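[1] Below: sequence and its predicted model.
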Amino acid sequence: MTHVYKLLLLGLALLATTVAGCTEDPANEKYRSEPPTLNGITAKSLSNNTETIHVGEKIVLTAQQKSTGRLLGLAKYSWTLDGTPIGSKRQVYFDEDSSNPSDTVTINTAGEYKLTFSGTYNAKGNVQAWSAKHGSSITYSFEGDVNSRVVCSVHAGYTPGFDITASTKIKVLP
């Protein structure tokens, strides 16, 4: 019986070594997922590429990335205007398409609006290093834009990753 007990302990020790050897090292940058950082949201007229927007014209909304992030999988983007969804929801595989998230919309009523970009990014690596550095979220503003706010938070669970919500004010002229 002692022989069986020793074999069982040896098997458990080998299993523990194998499992420990396969885990990602959060300290190793090679395995770290990082979210993109944004440095602005633009709303430009499609016809003249300026930020002077008029009712009824096509407008290109873009979330400008300062850095594109790394080791990210599926990303989902959406836009709202004063909390109402506008444009189309978009999904991309981020490591294959890390371009600035954008959409083309039309606004039919003049006024000043809160434009919000929302992005969810699934991580392909670990998120522990980002969490250790930033906590559960960071909040910042775009440089020179007192009306802006960006919140980047980490989400855990079955598919860990990052959620980014960024907003600014835009004005639509008659």
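    Perfect, thanks for sending it. Model, not experiment: these values are computed from the prediction.
[2] what's the spacing between residue 130 and residue 44?
    31 Å (CB to CB, to the nearest Å). For the C-beta atoms, the positions are set from N, CA and C on the backbone; glycine is no exception.
[3] Kindly report the same for residue 102.
    10 Å.
[4] on that earlier part again, who has more neighbours out of residue 130 and residue 44?
    More crowded of residue 130 and residue 44, by other CB atoms under 10 Å: residue 130, with 20 against 17.
[5] Mind checking what secondary structure that one has?
    Following DSSP: H, G, I helix; E, B strand; the rest coil, the label given to residue 130 is helix.
[6] chain center to stretch 45-61, what's the gap?
    25 Å (CA atoms, centre = their mean, to the nearest Å).
[7] Actually, stretch 68-81.
    For stretch 68-81, the distance to the chain centre is 4 Å (CA atoms, centre = their mean).
[8] can you pull the buried residues of it?
    69, 70, 71, 72, 73, 75, 76, 77, 78, 79, 80, 81 (16 or more other CB atoms under 10 Å).
[9] ok, back up a step: overlap in contacts of residue 102 and residue 44?
    60, 62 (CB atoms under 8 Å, 6 or more residues apart in numbering).
[10] Check the offset of stretch 95-111 from the chain's centre.
    For stretch 95-111, the distance to the chain centre is 15 Å (CA atoms, centre = their mean).
[11] where in the chain is pLDDT low?
    1-27 (pLDDT under 70).
[12] between the buried residues of stretch 68-81, which is nearest residue 137?
    residue 69 (15.5 Å; CB to CB).
[13] Appreciated, that's everything.
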